[in-house]
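Q: Everything below, folded, please.
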Amino acid sequence: MALKALLFDVDGTLADTEPQGHLPAYNRAFRELGLDWKWSKTLYRKLLLQPGGRERIDHYLQEHNPDLGAHKGGVERDRGAWVDDLHQVKSKHFRRRLKSGRVPLRPGVRRLMLEAVEQGLQLGIVTNASKASLKAFLTHALGDELRKHISVVTSGEEVARKKPAPDIYLLACQRLGLQPDECVAVEDSAMGLQAARSAGIAVVVTVNADTRNQDFSKALLVVDQLGEPGEPCTLLAVSPGSQCDGPAHVDLAFIKQLLDAQKKHP
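A: Next comes the predicted model:
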């Protein structure tokens, strides 16, 4: 089938939201609430293996047994509600960082999205992120020019199982009225890759500092970024059967070439 849609993950894919947005927002929330916690980049990279913000906080409580200070009673009474409250404070600080312009799009994102629109493809957002964080990102980082072209937005809050389960991608395909093999996902992590591939969707991976060493052997293409005409990407891997070293930047022609090669060498 012909390619009809590109489905983009958000955190780490559209923007380096983790080190520039989420991590400092968590640490700011901890300080605001009087918690003597500070997540380092090394620790946060491990916490990213959890499928969402609330899950990361809960995992940290369970595995690291941090000092809760005056919050101990609240956690003991209703752990889930306390985690939700902390996550809401963190989301507030994340929205402030987005609004201030401290979380820009990664190279090539805007170019590839507009190219897809020009060629008649639909665009979708498929993310584990909360609706509150997602709304702020779409408003302040994606902007009006790109946001108006997004045909569907699916959040982890809308499905029973977040990535790496395929549920959220299957929901996006359902809402678009498309089959999985009519879509290509753009992801940055092994968790996202697994979710999309389990749904039957081919995946372009753009790694970042947090995900570079993960297993992307099932990806259609792996690059360090999507690239721009004046800012070339580095091709890290392509699917078996592809006989191309890759262009200076990832465009639709290259993606379609890889899809054709994959069909000939499944």
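Q: wait, what's in contact with Asn27?
A: Asn27 makes contacts with 37-39, as judged by C-beta atoms under 8 Å, 6 or more residues apart in numbering. C-beta here means a position set from N, CA and C on the backbone, and glycine is covered the same way.
Q: Repeat the analysis, applying 7 Å as the threshold.
A: Contact partners of Asn27, counting by C-beta atoms under 7 Å, 6 or more residues apart in numbering, are 38-39.
Q: quick one: it is in a helix?
A: Yes - applying DSSP: H, G, I helix; E, B strand; the rest coil, one finds Asn27 inside a helix.
Q: Without its sequence neighbours, what residue ends up closest to Met191?
A: Once its chain neighbours are removed from consideration, Met191 has its nearest residue in Pro164; the separation is 4.6 Å (C-beta to C-beta, 6 or more residues apart in numbering).
Q: So what does the nearest residue to Asn208 once chain neighbours are set aside look like in phi/psi?
A: Using C-beta to C-beta, 6+ apart and skipping the chain neighbours, the partner closest in space to Asn208 is Gly12 (5.1 Å). Per-residue torsions, Gly12: phi 90, psi -20 (degrees, to the nearest 10).
Q: Which residues are in contact with Gly12?
A: For Gly12, the set of contacting residues under the criterion of C-beta under 7 Å, 6+ apart consists of 18, 188-189, 208, 210-211.
Q: And the strands in the stretch 51-200 of the chain?
A: With DSSP state E, counting those that start in this stretch applied, the stretch 51-200 of the chain shows strands at 122-127, 150-155, 183-187, listed in chain order.
Q: With Leu142 as the reference, measure out to Asp251.
A: When distances are taken as C-beta to C-beta, to the nearest Å, Asp251 and Leu142 turn out to be 20 Å apart.
Q: Between the two, which has more neighbouring residues?
A: When Asp251 and Leu142 are compared on other C-beta atoms under 10 Å, the one with more neighbours turns out to be Leu142, at 24 against 18.
Q: which residues does that one contact?
A: By C-beta under 7 Å, 6+ apart, no residues touch Leu142.
Q: which stretches of the stretch 101-250 of the chain have low pLDDT?
A: Counting by pLDDT under 70, the low-confidence segments of the stretch 101-250 of the chain come to 241-246.
Q: again, only this time at 80
A: When residues are selected by pLDDT under 80, those of the stretch 101-250 of the chain lie in 239-247.
Q: So what's the residue count around the residue lying closest to His22 once chain neighbours are set aside?
A: The spatially closest residue to His22, leaving aside those adjacent along the chain, is Phe94, at 5.9 Å (C-beta to C-beta, 6+ apart). When neighbours are counted by other C-beta under 10 Å, Phe94 registers 28.
Q: and what of Ser151?
A: Burial of Ser151, expressed as a neighbour count using other C-beta under 10 Å, amounts to 17.
Q: and what of Val117?
A: Counted with other C-beta under 10 Å, residues neighbouring Val117 total 17.
Q: Contact partners for it?
A: With contacts defined as C-beta under 7 Å, 6+ apart, Val117 is in contact with 123, 149.
Q: Okay, it and Leu146: tell me how far apart.
A: For Val117, the distance to Leu146 equals 9 Å [C-beta to C-beta].
Q: Surely Asp210 is in contact with Leu43?
A: No - contact status for Asp210 versus Leu43: not in contact, 11.7 Å apart, counting by C-beta atoms under 7 Å.
Q: Between those two, which is the more surrounded one?
A: Taking other C-beta under 10 Å, Asp210 and Leu43 do not tie; Asp210 has more neighbours (20 against 14).
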